[in-house]
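Novice: Build me a model:
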Amino acid sequence: MPADAPNATADRPELIHSLITRLLITCVGLTALAVLAAVLITEFIGRHMADQAVRDALERAGSVQISLEEERLQRLSLSANLFVNDPYFSAYVAEAATSGDTLSILDQLDERQRDLGFDMAMVLDPDGQVLVRTDRPTIDGSEDLSSDPLIAQALENYEAYGIWRTDQGLYEAVVVPLGTGGTLLVFLVTAYQFDEARAQAMSIVQGTDIAIFDRAAGEPVLATSTLRPQDAGQLTEALQRQPELFDSVEPCEITFANRRWLASILPLENAQGTAVGSALSLASYDQQLAPFRRLGTLLLWVGVAVVLLVSGLMYWLLRRLLSPLPSLAATATAAARGHYDVELGHKAKRDEIGMVSRAIDHLLAELREKRDMEDYMRDLASHLPEAPALSASTVLPSSVLPSSVLPSSVVSPGTGLAGVPGAPTGVASAPTGIAPGAGGEAPTVVFSNPTASTSVGTAAQPSVAAATGAPVTGQTATATSTGGALFGSRFELRAVLGAGGMGMVYLAHDRDLDEAVALKMLKEEAQVDAENFARLKRELKLARKIAHPNVLRTYDFGEVNGLPFITMEYVRGIDLRKLLERRGALPWNAGLRLARQLCRGLDAAHQQGVLHRDIKPENIIVDATGNAKLMDFGIARPIQRMAGDVGHTRPGSVVGTPFYLAPEQLKGEEPDARADIYACGVVFYELFTGVQPFGDETNIIKLLTRKAQEDPAPPRQFVGDLPAPLDALIMRCLQREPAGRYASAQMLQEALDAIRV
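Specialist: Numbering: from 1, shown residues only. So this is what the prediction gives:
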């Protein structure tokens, strides 16, 4: 790492600890929030379920209590009827009542009480006087119960049932008459007492706590309950403070013993329908909620344990995951200071850190390539000779503009000729001189020098300015006040940038846009050829479809006095052929940068359905910053040929430069995008080796034969340390069969992006 690059070790504590602290607090906070939410939700659900369970229990308890009361009264009636329907018992009681032998009656009652299970029984005379009772064996015979509501009801109707209140407590009682021969002898009373055993039995059946209150004395008095004594006392006090609760027909809430209860109150009525007591079914909210609270407490403790565990695990995990960040941050800082030669680790990771590492590595590779390309261009510019001043006759040939209208100042140094210092260059070319064969025979290929550049004129190439022909009339161009020549009232021609067999390219100043442009026009002798005219228009039509930083922009088509022209972007730079001629193979980073830019521009053309068909170093211009642009769509055509297209090369004919044509093009077959891929492979071969795939073969026939029958030597044969992936990529582009090549420029670009030097 460079000496002035940031120290990752020094930055590590602050960076790591800051991130870990924030992330740890976030994670632990979210975990604690989740635990708290779980506890609160459990509490909420528990309260809802407890309330529902309490109400359901009380609803069941009320129904069960009524059923139990009816069932017990039926049992009492059955017991009493057993006495009445027993003739021996009736006769025995009649005799004992006549003789006053009450002890015999008591013995009979005690015996039957043990057999039938009632709690108390007694015998009354027809006037309501107590003859005998099992709860008080010794009586004086003066106890008169005729005024008791239960007994009074029996004296009136001969039978009665209901709640019977005595000084011994509350009873469920049934009164039936007993007699012989239609004569009433006595009344028999049987009863079940509301005692603790009865309350426990009711509690078990109902599933709630039970409390029985005697209300005859005014204030409620607890008769029995299933509550603890201290809780029962607090319940009594609560009811004494709120006596109106006894009249509630709906379940009501009562708080005692530091707990919330829901109570269902059932009145206990005597035979005349007067409430003498109340039976309370009690269900505790806290008791129903207790399991949920235990669950909530368990969740809370588990949550605390989880938070502690998560804290430890997250701290370890975050330190492990974030450990690459200091080096990434140091790398980014170093890159911001211009240091790109850093080897990043963690690129093999498949997580986000790996993605970031690969992205930074990709960025560093792009920056290295850009730096190396700029260094290469600066070094090249420093070794190029200064451009000599051009004469008027060489800048603007008489075939285009009469020299009489051009002051000599037009061609003096500093008139607008620009480019890489010492190498003013243009950006346009005329199509190479290839013509189809005649008469439908096998295609005849007519080539000029197969490696000659036709695109750019430079100080080292003065021959491009040589042209002859009839002068253009004075109406086509006139002298300007700035020392130039005005063409069509808009373009001030400054210099000749290049010349081809059919056209000339000039540096011009566009007065409307106030900027320099490259102006391309047909030579006067080529204007009579309709195909050349159509080709010029088609070049504009196809090139204008493509808008990409790595494709030379074409602006407009025009005609002045029958002289057609197109205007294009003017780039200060040098074509790739000049770079290769002057310095040979490019450095790998610089070469990869140019190769990727070429693929991007070509992919943009293919995406618009345009097949270039003439990719070669002469048609790639590189500006002073190392940015490459693909140019000269003079022989381009749509990938899908349309029938009747004017200016298109006929099927079976061959156009292009021999060294860069794919084998199928040489056979006269219809080319597709893979033909351009082949041409890219040839350019890549030259970029990284400095030689052409088939050497300096100048015999066209031999060259065509070798391309059709032989594979070129691998680039590593000339550059032994060339990366193997790059060698394989170039050889795949140069496959003789189109199916063996990359199917598209996009696929080729992706393969190039995967290569890092």
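Novice: looking at this protein, which residue lies furthest from center?
Specialist: Ser99 (104.1 Å; Cα atoms, centre = their mean).
Novice: Pull out the buried residues from the helix or strand harbouring Ala332.
Specialist: Taking DSSP states H and E as the criterion, Ala332 maps to helix 325-336. Going by neighbour count (16 or more other Cβ atoms under 10 Å), the buried part of helix 325-336 is 325-328, 330-331, 334-335. (Each C-beta comes from the backbone N, C-alpha and C, glycine too.)
Novice: For the longest helix along the chain, what is the distance to the chain centroid?
Specialist: In the chain, assigned by DSSP state H, the helix with the most residues is helix 8-84. Distance, stretch centre to chain centre, for helix 8-84: 36 Å (Cα atoms, centre = their mean, to the nearest Å).
Novice: Please name every helix or strand in contact with the one helix or strand Val310 maps to.
Specialist: According to DSSP H and E, Val310 maps onto helix 285-322. Packing partners of helix 285-322 (3 or more Cβ pairs under 8 Å, 6 or more residues apart in numbering; DSSP states H and E): helix 8-84, strand 259-269.
Novice: Could you check the angle the first one makes with helix 285-322?
Specialist: Using axes from the mean of the first three to the mean of the last three Cα atoms, to 10 degrees, the inter-axis angle of helix 8-84 relative to helix 285-322 is 160 degrees.
Novice: Same question for whatever helix or strand comes next after helix 8-84: list its buried residues.
Specialist: Once helix 8-84 ends, the next helix or strand along the chain (criterion: DSSP H and E) is helix 87-99. Buried residues in helix 87-99, counted by 16+ other Cβ under 10 Å: 89-90, 92-94, 96-97.
Novice: ok, now stretch 610-622?
Specialist: 610-622.
Novice: Can you name the two of those that sit furthest apart?
Specialist: Leu611 and Val622 (23.1 Å; Cβ to Cβ).
Novice: quick one: least confident helix or strand in this structure?
Specialist: strand 419-420 (a mean of 32; mean pLDDT, DSSP states H and E).
Novice: picking that back up, following the helix holding Ala332, which helix or strand comes up?
Specialist: helix 352-383.
Novice: Identify all contacting residues around stretch 305-313.
Specialist: 24, 27-28, 31-32, 35 (Cβ atoms under 8 Å, 6 or more residues apart in numbering).
Novice: Reformat these as TSV; add neighbour count, pLDDT and distance to Thr226.
Specialist: Below are the contacts of stretch 305-313 laid out as TSV (neighbours: other Cβ atoms under 10 Å; pLDDT from 0 to 100; distance: Cβ to Cβ, whole Å):
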residue	neighbour count	pLDDT	distance to Thr226
Leu24	19	81	54
Cys27	18	84	51
Val28	17	83	48
Thr31	18	85	45
Ala32	16	86	43
Val35	20	85	39
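Novice: Most widely separated two among those residues?
Specialist: So, those by Cβ to Cβ: farthest apart are Leu24 and Val35, at 16.2 Å.
Novice: Low-confidence bits of the stretch 51-200 of the chain, can you list those?
Specialist: 139-141 (pLDDT under 70).
Novice: hmm, try it at 90
Specialist: 51-144, 157-159, 161-170, 172, 176-188, 190, 192-200 (pLDDT under 90).
Novice: Which residue, neighbours along the chain excluded, lies closest to Asp135?
Specialist: Leaving aside its chain neighbours, Asp135 sits nearest to Met120 (4.7 Å; criterion: Cβ to Cβ, 6 or more residues apart in numbering).
Novice: same thing with Gly303?
Specialist: In space, Gly303 is closest to Val35, 2.8 Å off (Cβ to Cβ, 6+ apart).
Novice: Looks like the one you found contacts Leu299 (just checking).
Specialist: Yes - counting by Cβ atoms under 8 Å, Val35 does reach Leu299; the two are 6.8 Å apart.
Novice: What pairs with whatever helix or strand Leu497 lives in, parallel or antiparallel?
Specialist: Assigned by DSSP H and E, Leu497 belongs to strand 491-499. Partners of strand 491-499 in the sheet, by DSSP bridges, are strand 485-487 (antiparallel), strand 503-510 (antiparallel).
Novice: ok, now which ones touch Arg741?
Specialist: So, once contact is read as Cβ under 8 Å, 6+ apart, Arg741 ends up touching 674, 677-678, 681, 732-735.
Novice: ok, 7 Å please
Specialist: 674, 677-678, 732-733, 735 (Cβ atoms under 7 Å, 6 or more residues apart in numbering).
Novice: Render the CA-only coordinates of stretch 90-98 in PDB, please.
Specialist: The C-alpha trace of stretch 90-98 is given here as PDB (Å, rounded to 0.1, in the frame of the first residue of the first chain):
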ATOM      1  CA  SER A  90     -97.400 -44.300  59.100                       C
ATOM      2  CA  ALA A  91     -99.000 -46.700  61.500                       C
ATOM      3  CA  TYR A  92     -96.000 -46.500  63.900                       C
ATOM      4  CA  VAL A  93     -96.000 -42.700  63.800                       C
ATOM      5  CA  ALA A  94     -99.800 -42.700  64.400                       C
ATOM      6  CA  GLU A  95     -99.600 -44.900  67.400                       C
ATOM      7  CA  ALA A  96     -96.600 -43.000  68.800                       C
ATOM      8  CA  ALA A  97     -98.300 -39.700  68.300                       C
ATOM      9  CA  THR A  98    -101.400 -41.000  70.100                       C
END
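Novice: Report the buried residues of stretch 177-189.
Specialist: Going by 16+ other Cβ under 10 Å, stretch 177-189 has these buried residues: 177-179, 185-189.
Novice: now what about stretch 281-291, what contacts it?
Specialist: By Cβ under 7 Å, 6+ apart, stretch 281-291 touches 46-47, 50, 53-54, 57-58, 61-62, 65, 206, 208-211, 259-264.
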